[in-house]
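1. got a sequence here, can you build the structure:
(2 chains)
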Amino acid sequence: MLRLTLRNLLARRVRLVMSGLSVVLGVAFLSGVLVFSNGLSTTFDRIIHGSTPDAVVRAEVTESFDGGYSGQTDRALSPEDVARLADLPEVARADGDVVGFGMSLLADDGTLVGGTGAPTLAFNHTDRPNMAGEQALLLDSGRWPQRSGEIVLDRAAARAGGYRIGDRVRLLAPFGALERTAQLVGTAEFNGGGTAGATLLVFTTGEAQELFLGGRDVFNQISLTAAPGVDQERLASAAGGVVPDGFEAVTGDQVAEESEDAVGTFLDVISTFLLVFAIIAVIVGGFIIVNTFSILVAQRTRELALLRALGAARAQVTRSVLLEAAVLGVVATTLGIGLGLVLARGLAAVFRSIGLDIAGEALDLTPRAVVTSYLVGVGVTMAAAYLPARRGARVAPVAAMRTDVVPERGSLRRRTAVGAVLLALGAGCAAAGLAGAPGSDVAWIGVGAVVWILTVAAISPVIGRPVLVVCRALFAAAFGTTGRLAGENALRDPRRTGATASALMIGLALVSTIGVLAASLNASVDDVVDEQFTADLLVQNPTFQPFSTAIGDAVQEVPGVDVVSRQQWTSATVRTGAGTERSVTVAGNDAAFARIYALEVVSGDASPEGAEAVLFRDLARELGVRVGDPVDLGLLGGTRLHLVVAGIVDAVETTAEVSVPLEQLAAAGVLRQDTSLSVLVDPAADPAEVRDAVDAAAAPAPIVGVYDKEGFADEIRGQVNQLLFIIYGLLTLAIVIAVIGIVNTLGLSVIERTREIGLLRAVGMSRAKVRRMITLESVTIAVLGSVLGLALGVLIGVLLQRALSDDLSSLGLPLGQLLVFLVVAVLVGVLAAVLPAVRAGRLDVLDAIASE
Amino acid sequence: MPVVAARAIDLHKRYGTGAAEVRALDGVSLEVRAGEFTAIMGPSGSGKSTLMHCLAALDTPTAGEVQIGDVTLSRLGDKALTALRRDQIGFVFQAFNLVPTLTARENILLPLSLAGRRRRAEADDGWFDTVVDAVGLRDRLDHRPAQLSGGQQQRVACARALAGRPAIVFADEPTGNLDSASGAEVLTFLRRSVDDFGQTIAMVTHDAVAASYCDRVVFLADGRIVDEISNPDRELILERMTCFG
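-> Numbering: from 1, shown residues only, chains lettered A, B, ... in the order given. Okay, the predicted model is just below:
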């Protein structure tokens, strides 16, 4: 049997290649994603370990706050603290660090360098070692800065900015005067390889102190190197004894772990996101395998019957087919893994273009990627081939004697009945989700959606029949006999047509669900912006990073500007009613805030004064506080703010969960910056002129944008659409696999119908008409898949929008996009038919009518 | 002088090269006369099917010419040959004659609908009705092949071959898969179409009974014509066949 199996494989290798292709692509995506995410985390690990010393002295609660977005504290360590630490016997050396956030690098033409996700890190240069004893920063070219006014950049940033050693580099400061310059004296990078896309700005200690610590001779952290024979624990505990209040000493390992956790969460999101699409591609590939093996088994009915007649047991025949599937799976997976490496490099290139640079050496095949790929690739192939294999084994031996074999078709009735039950089950899940059953509404609907998609795929022969009938009528009317034959061919084996169309259906259902959600998001954003954007102009950074107050000062000076309200956002920790600590967003608003924005008051007063705070309703409930109660905020740097609740309001987008007067933040030691400026224009002034002037005032700081209501909505819509197109791109692979399935099925069915096509050619059907017939069949399949997929996808999208109606307040139906998808499906059908149609047209009439 | 419906002029058909060369046709010249029922007989390997394929524009000879009416086939491209098969030639094969997804009526009218002539054929001519009644399948017109017996399917194929009033009908072992009763029905119908409608039919067969329906029997052996008899009866044919055993 083994020999027979292998011979069969070789004989049919052409037929198997196409079906194997779908597994190759699915596995390539999967292994590519696994290699890529491994590369991502390796790169970050190396950088983190390469730059962390044996121990670090820093302000308490630093770890809870993300770099820069919460602002910076004015708490600092003095040179005396450094000396005291250096004196400890456990300490070999202590170096003061100045770490600055929020500075931006400008290219020499004034555009922003970086700023699309990867941070800009500024610090002073010390030649302190990392925990491996090596230099944390490695000089690439030139030299380190030796006096104020000199700077070292990382190599990629220097190139992006068009700077060479000796050039004056343009910088945007987060405090005080906006524009600074410095002379580029060298380029560097982290000891660990690259910077993962971050921009490095290295100054002398003195200049860094001037830029970020108000010119005081202080440091915001201290790096400690252990004396020989001292481990990190001992070092940290010894140091802990001499650090000032409000500061702590932590081991380098702990710092590295915290950084890795923080980065890890972010990387996990990316890799899970990509993995989902890889799994989808693999599942679609599985559908193709089921279909292909069904066809192949049906074509070999006589041969399998012969085996049975000669005495092969059912299990033996099943195993033979499964073995074929296993071999196919192994070969396809191996090819897929190779292709996956290429894909991983492609993904790295995509991420590099948005600023995340993955070191090339980190893109290696990991054992985990290889093993997972084989398990999934071979497993899916064999699982998919199982049912067709069993069906093949059930062929009656007597079928070998018959010359015209019509493979028996079990009735579709049972499948329809089961399908109806499953559809009802799915509907029940969706209804549960909408009615607010326990657990996440979205999860309920998601489960219902998955059940529906799989069920519709299984019963597509029945559900899709009306579509096929309509197609047949249309084509018969438009293309005469050729069209009629095409329609009939699609209808004659509804199972096969349905199975082929199902793969495309899954892809299109996902695409249209996402499309509906994105359109709804855009519509909802429009609503929210419409309602809450009550300023005339908004000035802020697209990623909400805080910026220097100098910008607001400049805007204030613009003639025709009536009111400028400044807002600074940060975060804080609070203790909830249940006794746990959680972090909240805090907005410091100035007095002008109430002149521009209205808040819906639930109780108390909307405008806090002095040591007061206004809370969102949900937060107040969670904390168990009412108007008049005290609330305690822990801010970065370790200071605590003791405030009284002045009011409770409905949630809005214009302020944070906790609103306090702007001065409170400064009083807590948060360095003064702006996160958002809201501008009201004098009604007597010319709006266009004022707008131009404000644009000009903000122009020196390309990290912020000036938006009016429409511009702001456009900006958000742009970001949503960007994400949407990335998702579409990721789904494209699944759709490509589905198309391969159509090509495959058509090709096999042409081979199956060789005699029939020969007959048609003999009685006078031209090659062109034969090609057209195959093409129309393909279009029928594609239309079936897309009609079912679009209908299902829109339905699921609408249900999800209802479940998410808090965030997605209105429904958007992207009818234009859906129409485009349908048209694309028709084109896809035409394209998929090219190869099979040409082959059908080229069938030699004589061979065809003489063949068995 | 009777009109010649199809003519083979010194046909050669060779496969393979050198020691493995097979000569399916080794210089065959033949005239199929109009209005006649001609049988081409011979043992297996004699080249009778190859001869028919060449005559019917399904295959091209290695050397020699084929003419259908006045048209020389070697001068025609694939498109023209296809059109010729559609308009001037009718086919009946041994099996797999019908398109399974079309009804009997649609199968009969298939060549015409491919030519765009279907509606006219159904509407004006009584020819369609004549042919359908002649094969005796009026009550089966809307059935699909799966619902017809083997004999009925062959009769539908015959009706299709005649529906377009072609210059010549080629039948390749039309009764090979049928029992004697059904076979007799088909052969009777073919005979009648020659007698009553003046159709020209060339039939390849190895069955002496089938050949006895014909006006003329041509014998092939080893790629050459070796004998020919007119107005044969069964015994005569059998006698001649044993000569080439």
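2. which residues of the stretch 601-750 of chain A fall in helices?
-> Along the stretch 601-750 of chain A, counting by DSSP state H, counting those that start in this stretch, helices occupy A:617-623, A:662-667, A:687-698, A:709-752.
3. go on, chain B?
-> For chain B, the helices defined by DSSP state H cover B:48-55, B:78-88, B:104-108, B:110-114, B:118-123, B:127-135, B:150-163, B:180-197, B:208-211, B:234-243.
4. where among the ones you listed is average confidence lowest?
-> Lowest mean pLDDT within the helices of chain B: helix B:118-123, at a mean of 57.
5. mind putting the helices of chain B into TSV with mean neighbour count?
-> For the C-beta atoms, the positions are set from N, CA and C on the backbone; glycine is no exception. Below are those laid out as TSV (neighbours: other C-beta atoms under 10 Å in any protein chain shown):
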stretch	mean neighbour count
helix B:48-55	25
helix B:78-88	18
helix B:104-108	24
helix B:110-114	24
helix B:118-123	14
helix B:127-135	18
helix B:150-163	24
helix B:180-197	17
helix B:208-211	22
helix B:234-243	14
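6. chain A: which of those helices is closest?
-> Checking the helices of chain B against chain A by C-beta to the nearest C-beta gives helix B:78-88 as the closest, at 2.3 Å.
7. let's have the helices of chain B in CSV, adding distance to A:Arg472.
-> Compiled in CSV, these are given as follows (distance: least, C-beta to C-beta, whole Å):
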stretch, distance to A:Arg472
helix B:48-55, 34
helix B:78-88, 23
helix B:104-108, 13
helix B:110-114, 15
helix B:118-123, 17
helix B:127-135, 24
helix B:150-163, 22
helix B:180-197, 32
helix B:208-211, 40
helix B:234-243, 49
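8. distance to chain A added to those, as CSV?
-> Listed next are the helices of chain B as CSV, based on distance: least, C-beta to the nearest C-beta, whole Å:
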stretch, distance to chain A
helix B:48-55, 6
helix B:78-88, 2
helix B:104-108, 8
helix B:110-114, 4
helix B:118-123, 8
helix B:127-135, 15
helix B:150-163, 7
helix B:180-197, 16
helix B:208-211, 20
helix B:234-243, 24
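9. those: which one's closest to A:Gly336?
-> The closest of those to A:Gly336 is helix B:78-88. By C-beta to C-beta, the value is 41.3 Å.
10. what's in contact with that closest one?
-> With C-beta atoms under 8 Å, 6 or more residues apart in numbering or on different chains as the test, helix B:78-88 has contacts from A:761-767, B:56-58, B:68-69, B:71, B:73, B:76, B:91, B:111, B:114-115, B:164, B:166-168.
11. what about the residue nearest the centre of chain B, distance to A:Asn130?
-> By C-alpha atoms, centre = their mean, the mean C-alpha position of chain B lies nearest to B:Phe170, the distance being 1.4 Å. Separation of B:Phe170 from A:Asn130 (C-beta to C-beta, to the nearest Å): 90 Å.
12. same check on B:Gln153?
-> 86 Å.
13. for A:Ala344, same thing?
-> Using C-beta to C-beta, A:Ala344 is found at 28 Å from A:Asn130.
14. ok, the two, which is more surrounded?
-> The residue with more neighbours, out of A:Ala344 and A:Asn130, is A:Ala344; 26 against 23, by other C-beta atoms under 10 Å in any protein chain shown.
15. returning to that earlier point: could you verify my assumption that the residue nearest to the centre of chain B touches B:Ile68?
-> No - applying C-beta atoms under 8 Å as the test, B:Phe170 and B:Ile68 come out as separate, 10.5 Å apart.
16. identify the contacts common to these two.
-> B:Leu55, B:Ile89.
17. let me see the contact set for the closest residue to B:Ile9 other than its chain neighbours.
-> Take B:Ile9 and drop its neighbours on the chain: the residue closest to it by C-beta to C-beta, 6 or more residues apart in numbering or on different chains is B:Glu65, 4.3 Å away. Under the criterion of C-beta under 8 Å, 6+ apart, the contact partners of B:Glu65 comprise B:Arg7, B:Ala8, B:Ile9, B:Asp10, B:Leu11, B:Thr72, B:Leu73, B:Ser74.
18. now B:Glu65: how far from A:Gly711?
-> 81 Å.
19. how about A:Pro119?
-> Where A:Gly711 is concerned, A:Pro119 sits at a distance of 26 Å (C-beta to C-beta).
20. contacts only, for residue 59.
-> Here I'm looking at chain A. Contact partners of A:Ala59, counting by C-beta under 8 Å, 6+ apart, are A:Thr73, A:Arg75, A:Asn220, A:Gln221, A:Gly246, A:Phe247, A:Glu248, A:Leu636, A:Gly637, A:Gly638.
21. wrong one, I was asking about chain B
-> Going by C-beta under 8 Å, 6+ apart, B:Asp59 touches A:Leu846, B:Lys13, B:Thr50, B:His53.
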